[in-house]
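# What follows is a predicted protein model with its sequence.
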Amino acid sequence: MALADYYDELSPGLLVLVGFAMIVFPEPATSALGAGLFLLGLAWLAYEWGR
């Protein structure tokens with residue numbers, strides 16, 4: 001169990017964090033984009049989890 005085993009979860013995890021940050025600091029355009037990135041990151045993370 002090395003750190004290299006978790007590289008697949010790094011990209012979707014970053015999408016979740018960026019999306020969450022865009023929701024937390026709301027502006028009309030960034031909160032909608034942030035929600036989309038957040039959901040995309042969660043879906044990608046769920047996809048990578050089973051692989």
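That came through fine.
# Please, which helix or strand holds the closest residue to residue 8 other than its chain neighbours?
Distance criterion Cβ to Cβ, 6 or more residues apart in numbering; nearest residue to residue 8, sequence neighbours excluded, is residue 48 at 4.8 Å. No exception for glycine: its C-beta is placed from N, CA and C like everyone else's. For residue 48, the host element (DSSP states H and E) is helix 28-49.
# Give the buried residues for that helix.
30, 34, 37, 38, 41, 44, 45 (16 or more other Cβ atoms under 10 Å).
# What is the neighbour count of the closest residue to residue 38 other than its chain neighbours?
Closest residue to residue 38 apart from its sequence neighbours, by Cβ to Cβ, 6+ apart: residue 19 at 3.0 Å. Summarising burial for residue 19: neighbours were counted as other Cβ atoms under 10 Å, giving 22.
# Confirm for me that residue 19 is in contact with residue 32.
No. The pair residue 19 and residue 32 fails to qualify as a contact (Cβ atoms under 8 Å) at a distance of 10.6 Å.
# element containing the residue nearest the centre of the chain, please.
What sits nearest the mean C-alpha location of the chain, by Cα atoms, centre = their mean, is residue 16, with 2.1 Å. Taking DSSP H and E as the criterion, residue 16 maps to helix 10-24.
# chain center to that helix, what's the gap?
4 Å (Cα atoms, centre = their mean, to the nearest Å).
# so how far is residue 46 from residue 5?
18 Å (Cβ to Cβ, to the nearest Å).
# again, but for residue 34
19 Å.
# circling back: show me what the helix holding residue 16 packs onto, helices and strands only.
helix 28-49 (3 or more Cβ pairs under 8 Å, 6 or more residues apart in numbering; DSSP states H and E).
# picking that back up, shouldn't the residue nearest to residue 8 be in contact with residue 7?
No. Assessed by Cβ under 8 Å, residue 48 is found out of contact with residue 7, at 10.0 Å.
# Pull up the overlap in contacts between these two.
Common neighbours of residue 48 and residue 7, using Cβ atoms under 8 Å, 6 or more residues apart in numbering, do not exist here.
# Report pLDDT for residue 3.
Listed pLDDT for residue 3 reads 68.
# what's the residue nearest to residue 38 in contact with, if anything?
Contacts of residue 19 (Cβ under 8 Å, 6+ apart): 34, 35, 36, 37, 38, 39, 40, 41.
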